[in-house]
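Undergrad: generate coordinates for the sequence data below:
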Amino acid sequence: MEKSCSLLVHFDKGTPALANEIKEALEGNDVPAKIDAMKNAIMLLLNGETLPQLFITIVRYVLPSEDHTIQKLLLLYLEIIDKTDGKGRVLPEMILICQNLRNNLQHPNEYIRGVTLRFLCRLSEVEIIEPLIPSIMSNLEHRHPYIRRNAILAVMSIYKLPHGEQLLVDAPETIERFLSTEQDPSAKRNAFLMLFNCAQDRAINYLLTNVDRVSDWGELLQMVVLELIRKVSAVVYECAGTLVSLSSAPTAIRAAANTYCQLLLSQSDNNVKLIVLDRLNELKSSHREIMIDLIMDVLRALSSPNLDIRRKTLDIILELITPRNVSEVVLTLKKEVVKTQSGELEKNGEYRQMLIQAIHSCAIKFPEVASTVVHLLMDFLGDNNVASAVDVVVFVREIIETNPKLRVSIITRLLDTFYQIRAARVCSCALWIIGEYCLSLSEVESGIATIKQCLGDLPFFSVSEDEEAADSSKKVQQATSITVSSRRPAILADGTYATQSAASETAFSPPSVVQGSLATGNLRSLLLTGDFFLGAVVACTLAKLILRLEEVQPSKIEVNKASTSALLIMVAMLQLGQSSVLPHPIDSDSYDRIVLCIRLLCNTEDAVRKIWLKSCRESFVKMLSDKQLRETEEIKAKAQISHSQPDDLIDFYHLKSRKGMSQLELEDQVQDDLKRATGEFVKDADDANKLNRIIQLTGFSDPVYAEAYVTVHHYDIVLDVTVINRTKETLQNLCLELATMGDLKLVERPQNYTLAPESSKQIKANIKVSSTETGVIFGNIVYETSNVLERSVVVLNDIHIDIMDYISPAVCSDAAFRTMWAEFEWENKVAVNTTITDEKEFLDHIIKSTNMKCLTAPSALEGGCGFLAANLYAKSVFGEDALVNISVEKQTDGKLNGYIRIRSKTQGIALSLGDKITLKQKGGS
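TA: Numbers count the residues shown, from 1 in each chain. Below is the predicted model of the structure:
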């Protein structure tokens, strides 16, 4: 490694000085010759010469010199020579220098002290610095400002060293005291700079304490104050927020977005990162084009180990992807997926699942990137995290249909890696892909061979073993041991059963808990645990492959061979299911399915063949097109929200006067005109809607009439109360007293007002909300009149805060819905009690009443079977999830019967939503 160099001097290599000449000049008494010799020595050292013999000469003849120039050159020489050996230990001869430096720091001449302190700023050897600390600190109190300001710089440099905080434990406190008494502007500037760099909180405290006197400080100190303000994160964050609220100009928005991205990387607090991501999310919705350019900066937030930050980052990124940046984003996501393999973090599986879902949505939006990711993701089909493996196989299933070019390579890869899959759900989906997309002769044959290999040798057990198992189950079962004494079935290393006489030393455990290893076939292992649904999927896949083999294989003999081996496998699965070897027999659905496959292979009709080979795929294609249609409709609906009135005024930018306007102001005007033209300035809430939110608080005959307009923001409610004096008297000390029930809190104390006869007053009240729950606000108006001594009270109507104001429809995947349904502990079960007789109409009524989103596809709700089940989902402004499942059935008398189940993490949502549904489900408004 090369040494760092802190000074550069021009050196003419034409006439290099010889070391002997330098030595002679240094030993002489001629001061100018000594100065030249020192300069030559420094130049040679800077050019890579070592000159080890000069050190002792300089110590003997140069150190005692009183000449200032020689002393300055001596310090430059000491700065550039090697002070440590090969192992990084300080050389013993440096002790000689230490004494000289200490003498210099106590020298009567200010210049010598000053240059020595400046030299110490560039020294990093702790062993040399440590003995000098008392002398450096004493120089902080020297009468001359030149020495004080250099002493502060030396303290700052030493404090910044790796072990500097141990050398100068109380340096920040000392400098803070120094700052309060110092008068010299340069010394003050250096002291404030030291606090700014080494103890920022103290610098901020000092600034806040003396904020009134900032205008009197010198320019040097004011510049450092500005630098501090610019570097404090809270200030930077507020500046960015202010910039966005004041201006829509691209330059301003880009500056704010860049600032947010820097805060995202520089801040270690996760809460700060989440807040910054929220701001970026807001920018994304209003200034998408600018945010697209910063997509890679936002992506760097994935380096945080916090899952919420990663999830939020991925959500923002997925909405900023364009054909221009998709390949770059996917490349980054692929690198992150690979990282999750090596790390040992506990949440790696969950993070990998999020990344796979993100890559999935990229590949669906931009099919050209699918080829670069699909093979990498297929390595995770055997993942221990079942959820991420399921995501991969669903992704592969969709890509193989939407990207016909990749079909052959995906099938080949799937058949090669099929043996690694350990989860039954992943196996089922992979088998369906093999059954549907193996089309050529070689693929069909490979598919059949792969399934056979993963099932292992037939039968799954022998008849004698079955009898033995039946006998042993009648007896009292003994505790399992390694040495088996009775003739009961044992499992061999390859997963097959054997009796005691055949394998007395390889019995592992009772047959009810057979686990497969990579050595045994994965399908066999899962079947031997009693998973007969998978058995039915295996039978269906084999039946499809045999039917396709009949079409592509010219040799009838080969087809018959394959058909008989498939039938043998199906019969063996039925025998296993009906034997007593496994603790649970085969379920009737799986039994019927396997028997159907056997009948199909024994007697195939053309109509049935068409159903098996074509209809399955057609229904899958229909499902994909439905999903795509829903997504495009949602995008269209979002795009149509902005609208403008045809007679709205539009300013023409080119016809305006530009005199005295900056670039930013010009951009701002253009952006405002664009927003006006596209209707972004149009408020959502029109005046007619406002009237619906007005609540009458007192009667018309009361002396004081009051009504409130309720505005619900995310975290607070604003009551705009209009109070009218109906009497001919002046009302004194009129006060609006409010109280709350539920998770609501009053922010301000009530004020007293005086109301003239028949006049009105607007009173605003702020109420904080802390959770999604139905709350009640109640209160009264108290006032005095001149001729009545006691106070009069008018009791107000209660204001009920509706939970619907906090809930908005949201979307989540079916898998995420099921996971949350299993996790959430609060459930509210509401019986259906309605006058509506149509199931679909009832579902629409509940969706409208609860402000929720139906996750069940419209195609799944079509038809009239007299039964309907649907999942609804919504999210509150506090980030809480609300899950609803509706199951209704039409009775013979035409009425609807069933249950609505609500689940959430908090009790408030479950109860409030239940009350709302009970109130609204009758069919009333």
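
Undergrad: can you list the weak-confidence ranges in the stretch 651-800 of the chain?
TA: Counting by pLDDT under 70, the stretch 651-800 of the chain contains low-confidence ranges at 651-690, 713-715, 771-774, 788.

Undergrad: next one: the chain
TA: Screening the chain residue by residue with the criterion pLDDT under 70, one finds the ranges 1-17, 343-346, 462-520, 638-690, 713-715, 771-774, 788, 922-925.

Undergrad: centre-most residue in it?
TA: R310 (2.0 Å; Cα atoms, centre = their mean).

Undergrad: distance check, that one against L274.
TA: Counting by Cβ to Cβ, to the nearest Å, the gap from R310 to L274 is 11 Å. C-beta here means a position set from N, CA and C on the backbone, and glycine is covered the same way.

Undergrad: confirm L51 sits in a helix?
TA: No: note on L51: no helix contains this position according to DSSP: H, G, I helix; E, B strand; the rest coil, which reports coil.

Undergrad: can you give me the neighbour number for it?
TA: Other residues near L51 come to 16 when the count uses other Cβ atoms under 10 Å.

Undergrad: now the nearest residue to T711 once chain neighbours are set aside: how far from L96?
TA: Nearest in space to T711, with sequence neighbours left out and distances taken as Cβ to Cβ, 6 or more residues apart in numbering, is V718 at 4.5 Å. The gap separating V718 from L96 is 77 Å, by Cβ to Cβ.

Undergrad: can you pull out the strands in the stretch 651-800 of the chain?
TA: Under the criterion DSSP state E, counting those that start in this stretch, the stretch 651-800 of the chain contains strands at 694-696, 704-712, 716-725, 731-741, 744-746, 752-755, 760-769, 775-785, 788-795, 799-801.

Undergrad: I'd like to know which of the ones you listed is closest to E401.
TA: Taking Cβ to Cβ as the measure, the strands of the stretch 651-800 of the chain were each checked against E401, and strand 704-712 came out nearest at 45.1 Å.

Undergrad: now the angle between strand 716-725 and that closest one, please.
TA: For the pair strand 704-712 and strand 716-725, the angle between their directions (axes from the mean of the first three to the mean of the last three Cα atoms, to 10 degrees) equals 160 degrees.

Undergrad: sheet partners, orientation included, of strand 704-712?
TA: Strand 704-712 has these partner strands in its sheet, going by DSSP bridges: strand 694-696 (antiparallel), strand 716-725 (antiparallel).

Undergrad: so which of the ones you listed is the most surrounded?
TA: Compared across these, strand 716-725 shows the largest average neighbour count, a mean of 18 (mean count of other Cβ atoms under 10 Å).

Undergrad: how many residues are close by F532?
TA: By the measure other Cβ under 10 Å, the count of residues near F532 is 25.

Undergrad: where's the closest residue to it other than its chain neighbours relative to T529, distance?
TA: By the measure of Cβ to Cβ, 6+ apart, the closest residue to F532 outside its immediate chain neighbours is S590, 4.1 Å from it. As defined by Cβ to Cβ, S590 lies at a distance of 14 Å from T529.

Undergrad: between those two, which has more neighbouring residues?
TA: When S590 and T529 are compared on other Cβ under 10 Å, the one with more neighbours turns out to be S590, at 20 against 16.

Undergrad: tell me which element the more buried one is part of?
TA: S590 is part of helix 588-602, with elements assigned from DSSP states H and E.

Undergrad: who does that helix touch, helix- and strand-wise?
TA: Contact here means 3 or more Cβ pairs under 8 Å, 6 or more residues apart in numbering; DSSP states H and E; on that basis helix 588-602 packs against helix 532-552, helix 556-578.

Undergrad: show me which parts of the shortest one are buried, residue by residue.
TA: Taking 16 or more other Cβ atoms under 10 Å as the neighbour-count basis, helix 532-552 is seen to contain the buried residues 532-550.

Undergrad: the host helix or strand of E631 versus helix 532-552: what angle between them?
TA: The secondary structure element spanning E631 is helix 616-639 (assigned by DSSP H and E). For helix 616-639 against helix 532-552, the angle between stretch directions is 110 degrees (the same axes, to 10 degrees).

Undergrad: ok, and what's touching helix 616-639?
TA: Applying Cβ atoms under 8 Å, 6 or more residues apart in numbering, the external contacts of helix 616-639 come out as R397, E398, E401, T402, E436, K544, A857, P858, S859.
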